[in-house]
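Student: Coordinates for the following, if possible.
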Amino acid sequence: MTGVRDATDADKAAIATALTSSFHDDPVMLYMVPKEASRPKKMRALFRSETSRSLKVGAVTVTDDGPAKGAAIWSAPGKWKLGGLELLGQLPMLFHLGLDTPRSLAMLGQIEKLHPTEPHWYLNILGTATEHQGKGVGTALITPILTKCDEEGIPAYLESSKESNIAFYNRHGFEVTGEIHVKNGPSLWPMWRDPQPPES
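Tutor: Got it, this is the predicted structure:
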């Protein structure tokens, strides 16, 4: 299995590059940044911002062999919601989104209203660079926090932005709890994972 480690600030640029590759055709990203010419730059800014935040209030795992092949970005229990000061910290990201900001904030607000309130680890982002997909990287990236969830009896939650990814998350114990339809935009599938008992 691919080796992973905890990310540091020094990994932010490489993580942003890997995730921009991974999400090049993601329906949510295409909706948030509809102009193809500016999309890579804006996506890199978004992923750098999300990495920075989760390094402070959650966990970020990254592959440990050479440039990042992918990353898993988590918020710790009770830390998924942006407060006032954290929103100020996101201003650089909003600056990069520019005219796409209102559309993005409206969608994120709709998603946030449906976010579970029970304490849980929240998988904000999981992605593997295109050339490394299908090689077990995603499994390696999410395993450390899922193991922690099982050991500590804490659920996990995510929203899948692709229906085709649901089977992958099912294999790791997540179950679809509904479907979010963004007006004139994509659908997302909320998924919840109860802590798993140890294998006998």
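
Student: end-to-end on stretch 50-66?
Tutor: With Cα to Cα, to the nearest Å applied, stretch 50-66 spans 21 Å between its terminal residues.

Student: Not counting its own residues, what contacts that stretch?
Tutor: Contacts made with stretch 50-66 from outside it, assessed by Cβ atoms under 8 Å, 6 or more residues apart in numbering, are listed as 2-9, 11-12, 14-16, 68-76, 79, 86, 89-90, 121-122, 124-125, 137, 140-142, 144-145. (C-beta placed from N, C-alpha, C; glycine too.)

Student: Buried subset of these, written for PyMOL?
Tutor: The PyMOL command for the buried members of these (criterion: 16 or more other Cβ atoms under 10 Å) is given here:
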select buried, resi 2+4+7+11+12+14+15+16+68+69+70+71+72+73+74+75+76+79+90+121+122+124+125+137+140+141+142+144+145
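
Student: from the contacts of stretch 50-66, which ones fall inside helices?
Tutor: Taking DSSP state H as the definition of helices, those contribute 12, 14, 15, 16, 86, 89, 137, 140, 141, 142, 144, 145.

Student: of those, the lowest pLDDT goes to which?
Tutor: The member of the ones in helices among the contacts of stretch 50-66 with the lowest pLDDT is residue 86, at 42.

Student: picking that back up, just the closest of the ones in helices among the contacts of stretch 50-66 to residue 180, please.
Tutor: The shortest gap between residue 180 and any of those belongs to residue 142, at 21.1 Å (Cβ to Cβ).

Student: separation between the closest one and residue 123?
Tutor: Distance from residue 142 to residue 123, counting by Cβ to Cβ, to the nearest Å: 7 Å.

Student: Next, show the common contact partners of these two.
Tutor: Counting by Cβ under 8 Å, 6+ apart, the contacts common to residue 142 and residue 123 are residue 72.

Student: So, low pLDDT: which residues of this structure?
Tutor: In the predicted model, the chain carries pLDDT under 70 at residues 1, 82-105, 200.

Student: Centroid-nearest residue for it?
Tutor: Against the mean C-alpha coordinate of the chain, by Cα atoms, centre = their mean, the closest residue is residue 125 at 1.0 Å.

Student: any idea how far that residue is from residue 197?
Tutor: If you go by Cβ to Cβ, the gap between residue 125 and residue 197 works out to 28 Å.

Student: three-state assignment of residue 59?
Tutor: Secondary structure, DSSP: H, G, I helix; E, B strand; the rest coil: residue 59 is strand.

Student: Next: the one 3 residues further on.
Tutor: Put simply, residue 62 is strand when judged by three-state DSSP.

Student: Near it, how many other residues are there?
Tutor: Using other Cβ atoms under 10 Å, the number of residues around residue 62 comes to 23.

Student: can you check residue 60 too?
Tutor: Each residue near residue 60 was counted by other Cβ under 10 Å, and the total is 25.

Student: Okay then, goodbye and thanks.
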